[in-house]
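Undergrad: pasting the sequence and the predicted model now:
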Amino acid sequence: MTNDAGHPDEQKQRLLPAVNSYTEWDPLREVVVGSLLGGVFPSWQESMTHVVPDAARSVFQEQGGSPLPAGLLKAAEEELEGLAEVLEAHGIAVVRPDAVEHQTPFRTPNWASDGGLYAGMPRDLLMAVGDALIEAPMSWRCRHHEVDAFRSLIKSYFRRGARWLPAPRPQLTDELYRTGGEAGDWAVTEFEPVFDAADFLRFGRDLIVQRSHVTNEFGIDWVRRALGPDFDVTVIDTDDPHAMHIDATVAPLAPGKLLVHPERYVPHELFDGWEILPAPEPTLPKDWPMYFCSPWVSMNVLSLDPETVVVERQEQPLIDALTAWGFRCVPVDFRHVYTFGGSFHCVTLDTVREGGPARYLSRPGGR
């Protein structure tokens, strides 16, 4: 029983700012969970060639703007609802995006799209850093209005004291995209700042980011200047020719503990002294439908606190490895969400975690 003052955890949450999120692992108190309802196939653009699985290209080219397969979508949405229930059972407040129309075609003076995509992956387009929400300028044209599903949430956080930092809305004209490039060239040029928020990870006062087919140096520099001198943003190399979103390559689970892709991860001096665990091979069947990403989305886990991690229920080798490493694993069915491009980290935006600014990474001079 509690008195009128409420449960101690509720009191603690009320004392935290509207947005307070400095790391990927501090105790989670409030989270946005995306929704795939009404999702459509993305309208094809050539920059997708570098990141979309070969089997999905013709689907995007032929069915852009058409509804995603109803049966698979229903199963994935049920898994998202299941995740929300698990998080709430752990005392975490869950908020969901607004329902918006993704199937409506739209255009600018320079290009047209047959429709949008979905509101399933808030991690792609929003990033909480300290007390700020950063709104990403994504390079896929079909995602130009995706943030609309989250706009009422952003306004609510702002009205309660959070900072709102929307990056400049990109033009996404042809000058942004590299054509006829050689192997190793990124799909986006430096014409204007673009980035997906999922190419960044937070370590207190430090952020790491990868250059990718959706994130350019111009966009990284915008984030660096927007955050100011209180934060350091460091570009790290990854060995991934299809780079798009760093959270299936590097996953910090607790101070000093880093889960990594066994082939894509490139050692960096920032992680000197950290324990590094290569993720085991994913267990997803080879014939599982995957429209957007590889089965390595298995390592796209969500930390509830430095000892607790949400993991896909059927990824038993990963569960065993994390358990042996000292973590408590919370298994949740999520394979149908995999189909549409992400897992637990992708589909969430951790707006409130306990903790504050600190330094966790190794820097010359002890900074």
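TA: In hand now; what should we look at? Just so it is clear, the structure is predicted and the values come from calculations on it, not from any experiment.
Undergrad: all contacts plus neighbour counts: C-alpha atoms, from now on.
TA: Fine.
Undergrad: so for stretch 152-161, what's the average pLDDT?
TA: Averaged over stretch 152-161, pLDDT sits at 97.
Undergrad: surely residue 263 meets residue 248?
TA: No: if you go by C-alpha atoms under 8 Å, residue 263 and residue 248 don't touch, sitting 11.3 Å apart.
Undergrad: between the two, who's got more neighbours?
TA: Each of residue 263 and residue 248 has its neighbours counted (other C-alpha atoms under 10 Å); residue 248 has more, 29 against 12.
Undergrad: surely the more buried one and residue 295 touch.
TA: No: under the criterion of C-alpha under 8 Å, residue 248 is not in contact with residue 295, lying 9.5 Å apart.
Undergrad: and after the helix or strand of the chain with the lowest mean pLDDT, which helix or strand comes next?
TA: Counting by mean pLDDT, DSSP states H and E, the chain has its least confident helix or strand at helix 8-15, which shows a mean of 54. Next along the chain after helix 8-15, taking DSSP states H and E as the criterion, comes strand 28-33.
Undergrad: show me what that next one is packed against.
TA: strand 93-95, strand 302-305, strand 348-353 (3 or more C-alpha pairs under 8 Å, 6 or more residues apart in numbering; DSSP states H and E).
Undergrad: one more pass at 7 Å, please.
TA: Contact analysis of strand 28-33 by 3 or more C-alpha pairs under 7 Å, 6 or more residues apart in numbering; DSSP states H and E lists strand 93-95, strand 348-353 as its packing neighbours.
Undergrad: what does the one helix or strand residue 222 maps to rub up against?
TA: Under the criterion of DSSP H and E, residue 222 resides in helix 217-227. Here helix 217-227 makes contact (C-alpha atoms under 7 Å, 6 or more residues apart in numbering) with 190, 192-195, 211, 233.
Undergrad: phi first, then psi, for the closest residue in space to residue 270 that isn't next to it in sequence.
TA: Using C-alpha to C-alpha, 6 or more residues apart in numbering and skipping residues adjacent in sequence, the residue nearest residue 270 is residue 362, 4.6 Å away. In terms of degrees, to the nearest 10, the main-chain angles of residue 362 are phi -80, psi 120.
Undergrad: ok, now which ones touch residue 362?
TA: Residue 362 sits in contact with 269-272, where contact means C-alpha under 7 Å, 6+ apart.
Undergrad: please pick the buried ones from these.
TA: Among these, those buried by neighbour count (16 or more other C-alpha atoms under 10 Å) are 270-271.
Undergrad: so can I have CSV of the contacts of residue 362 showing secondary structure and distance to residue 229?
TA: Shown next, in CSV, are the contacts of residue 362 (DSSP: H, G, I helix; E, B strand; the rest coil; distance: C-alpha to C-alpha, whole Å):
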residue, secondary structure, distance to residue 229
269, helix, 21
270, helix, 18
271, helix, 21
272, coil, 23
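Undergrad: could you list the low-confidence segments of the stretch 201-350 of the chain?
TA: For the stretch 201-350 of the chain, applying pLDDT under 70 flags no range at all.
Undergrad: need the buried ones from the contacts of helix 217-227 selected in PyMOL.
TA: Selection command for PyMOL covering only the buried members of these, criterion 16+ other C-alpha under 10 Å:
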select buried, resi 192+193+194+195+211+233
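Undergrad: in the chain, which residue is most central in space?
TA: Central residue of the chain (C-alpha atoms, centre = their mean): residue 123, 3.1 Å from the mean position.
Undergrad: what's the following helix or strand after whichever strand or helix holds that one?
TA: Residue 123 belongs to helix 122-125 when assigned by DSSP H and E. Under the assignment DSSP H and E, the closest C-terminal helix or strand after helix 122-125 is strand 126-129.
Undergrad: paired strands for the very next helix or strand once past that following strand, with orientation please.
TA: On the C-terminal side of strand 126-129, the closest following helix or strand by DSSP H and E is strand 132-135. Using DSSP bridges, strand 132-135 pairs in its sheet with strand 126-129 (antiparallel), strand 163-166 (parallel).
Undergrad: want to throw these into JSON lines with mean neighbour count and distance to residue 88?
TA: Conversion of the strands paired with strand 132-135 to JSON lines gives the following (neighbours: other C-alpha atoms under 10 Å; distance: least, C-alpha to C-alpha, whole Å):
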{"stretch": "strand 126-129", "mean neighbour count": "25", "distance to residue 88": "20"}
{"stretch": "strand 163-166", "mean neighbour count": "17", "distance to residue 88": "26"}
